[in-house]
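Participant: Structure, please.
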Amino acid sequence: MNSSGSLPHPATDCEALRDPALYINRELSQLDFNFRVLAQALDPQVPLLERLRFMCISCTNLDEFFEIRAAAVRHAQEFGLPPAPDGMGPQAILNAIHERATVLVEQQYHCWNEVLRPALREAGIGVPGRNSWDARQNRWLRAYFRHEIMPVLSPLGLDPSHPFPKILNKSLNIVVMLKGTDAFGRAGHMAIVRAPRSLPRIIQLPEKLGGPQDYVFLSSVLSAFVGELFPGMEVQGAWQFRVTRNSELVVDEEEVENLALALRDELVDRGYRPAVRLEIAKDCPREVVRSLLHNFGLPDNAVYPIDGPVNLNRIIQLYDVIQRPELKYPPLNPRTLRDSDGIFDIVSRKDVLLHHPFDAFTAVLDLIRQAAVDPGVLAIKQTLYRTGKDSPIVEALIQAARNGKDVTVVVELRARFDEEANLGLADRLQEAGVQVVYGVVGFKTHAKMLLIVRREGRKLRRYVHLGTGNYHSGTARAYTDLSLITAEPDIGNDVHLLFQQLSGLASSTELRRLLQSPFTLHAGMLQRIEREARLAREGRPARIIAKMNALNEPQVVRALYAASQAGVQIDLIVRGACTLRPGVPGVSDNIRVRSIVGRFLEHSRVYWFGNDGQPELFCASADWLERNLLRRVEICFPILDADLVERVHREVLQNYLDDNLNAWELDASGAYHKRGPATDERPHSAQQALLDGL
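Facilitator: Numbers count the residues shown, from 1 in each chain. Coordinates of the predicted model:
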């Protein structure tokens, strides 16, 4: 809505479609996604330990939100950057973040204290707080503190010779108020106790002291016995706290001679960059909170009182250590390629489409492993954004290089929170003889592509894998993604040209099949949206269905509004942030937006255009975000086989539009509402349908 509180008048001109009232704030929309994740933790139909996992995911998501999104808004405030497309300035956004995030934090701790902890106890898994320890537990924990914890602690009293210490990002700390004088006659006032990362955050109690699966938080033990660190002093209060810092690495790539060395230097300081959030026990006195805010350089709207352990997300450890299959989702049994021939023979006959995790990622692994040992394979080129620890793909690439094949890998060193891992990965590959390229200055390489050059008789043939997700075996079991393995000549040539761009200094060249950011993908999407609008104005069938993780690019949003005004029926399946406001009379009446939150993280990007009865379908590594369309190296690839087009439409689009159990629908006010089956509808979960073999 505009400043007068009313929606803008319908209009098709571009200027009217820039009205801030037509846009939802990106940061607030991203924040709202975590309410939908938390709702899974509160759903009694979800297995108990999976509910615990969803709660922890909402907590870690919130951490990353402050480290990246909220930090970026504070940066914008400091540098006086202009308002977002929704018209909100940085200060207004920060105030709104604080208001909304406070509600989320309260709901997270309600979920833990009032819902999950009692349910776990009923299931025989105890996580008692310090107020509920019995005498025997208290004695054992005191002894544990003295023998296992206290020897590695270094409490710091604050006085003129002991200034406020550096506090590591997201580390557990205790602030202690003291009374009395120490051995040197110094008057007690305030001290800080930092918990080293070497200490376990969850401690299991011996079975004789409770049940076979009873645990306590390290933070509770520290708070209970911290007085033993200050003999002769009176502890008047001890409160746990945690500070979150800006974690976006800033490297002026054009000013550094070696990006890897520059990133290594930045990583050393990442844990101590400017603070953006302070979490602290809710009963901490106001004067102590003010002192901490002052030391961290934070305003009042950066503090979040918490009702429980400040490191709540650490409880995720229980998910891994507790082997109770009845409290988790049933094991996943993905489909595998069934063919006695090798992967090259299969792909040489027809394109292979994989829908992960319902189709096993092993087909992609087999492709690389076979290429590494196949005497006909001459070269392998691949992009790596995230791979995971002990990646079988990396091992196969190293083996290929040792087998004498020409191997080139584009390693994106700036993959957020994987920078250190990717630096180590690049070193390993180079030591094995792999040619490592760090991408393009100023543009993250987010494209997911693999090219294999194989000699077959007298000809060279290219085999290509393109995907919407990373080459990471772990996330391939937890994220929904699409993979295309093809030997189609035009696609193979396009991928060859893209690798030339990334590894050499080739100029931009026209691709036959693929769309590419930052050159043709943005314009290609706009052209296809506008084509559907033209078809609708001519009275012909016009339809757009798009699935993605996030949407905020203003030109795309305006094009979708204009298409809606022309009569195009548009369905958007957007997992996270969406700045488009659906259902605005005269502007977006024909646009529907839904978000699916279920067992697997929705990650595939699929763009379907009706095209007057001759559908065009693309899969992509890119969302419709400004950064992906304009400031990254991304690929968008067509599905050319008609049967595969129909399959993707059925499994990934229509299936999700039919979901009435895990879908949240966005309304014109910017609020999401959980969808439920209508009286004449059968319950339908898209993910479950795929698990059942749709």
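Participant: Now do the helices in the stretch 451-600 of the chain.
Facilitator: 475-478, 489-503, 521-537, 554-566 (DSSP state H, counting those that start in this stretch).
Participant: Can you pull out the residues in contact with the second one?
Facilitator: When you say that, I think you mean helix 489-503. Defining contact as Cβ atoms under 8 Å, 6 or more residues apart in numbering, one finds that helix 489-503 is touched by 381, 383, 408, 410, 435, 437, 439-440, 445, 447, 449, 451, 461-464, 466, 486, 506, 508-509, 511-514, 516, 633, 635, 637. The C-beta positions use only the backbone N, C-alpha and C, and glycine is treated the same way.
Participant: quick one, which of the helices of the stretch 451-600 of the chain is packed in tightest?
Facilitator: Of all these, helix 554-566 carries the top mean neighbour count, a mean of 22, counting by mean count of other Cβ atoms under 10 Å.
Participant: Contacts only, for residue 74.
Facilitator: Counting by Cβ under 8 Å, 6+ apart, residue 74 has contacts 90, 94, 246, 274, 276.
Participant: Please tabulate these in JSON lines, including the columns pLDDT.
Facilitator: As requested, the contacts of residue 74 are exported to JSON lines (pLDDT from 0 to 100):
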{"residue": "90", "pLDDT": "94"}
{"residue": "94", "pLDDT": "95"}
{"residue": "246", "pLDDT": "91"}
{"residue": "274", "pLDDT": "92"}
{"residue": "276", "pLDDT": "96"}
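Participant: Quick check on those residues: which are buried?
Facilitator: Neighbour-count burial (16 or more other Cβ atoms under 10 Å) is assigned, among the contacts of residue 74, to 90, 94, 246, 276.
Participant: for the last one, helix, strand, or coil?
Facilitator: Spelled out, that is residue 276. Assigned with DSSP: H, G, I helix; E, B strand; the rest coil, residue 276 falls in the strand class.
Participant: Can you find the helix or strand of this protein with the lowest average pLDDT?
Facilitator: Sorting the helices and strands of the chain by mean pLDDT, DSSP states H and E puts helix 259-270 at the bottom, at a mean of 63.
Participant: mind listing the helices for the stretch 201-350 of the chain?
Facilitator: Using DSSP H, counting those that start in this stretch, helices in the stretch 201-350 of the chain cover 218-225, 259-270, 286-296, 317-321, 343-349.
Participant: what residues does the third one touch?
Facilitator: Just to be clear, that refers to helix 286-296. Here helix 286-296 has contacts from 164, 167, 175, 177, 190, 237, 239, 241, 243, 275, 278, 280, 299-300, 302-303, using Cβ under 8 Å, 6+ apart.
Participant: and the longest strand anywhere in the chain, what does it pack onto?
Facilitator: What stands out as the longest strand in the chain, according to DSSP state E, is strand 234-245. Secondary-structure packing of strand 234-245 (3 or more Cβ pairs under 8 Å, 6 or more residues apart in numbering; DSSP states H and E): strand 173-179, helix 218-225, strand 275-281, helix 286-296.
Participant: For residue 254, report the pLDDT, please.
Facilitator: What the model reports for residue 254 is a pLDDT of 50.
Participant: for residue 4, same thing?
Facilitator: Looking at residue 4, its pLDDT is 40.
Participant: What of residue 31?
Facilitator: Looking at residue 31, its pLDDT reads 97.
Participant: Now do the SS call for it.
Facilitator: Three-state call for residue 31 (three-state DSSP): helix.
Participant: Around it, how many other residues sit close by?
Facilitator: Residue 31: 24 surrounding residues under other Cβ atoms under 10 Å.
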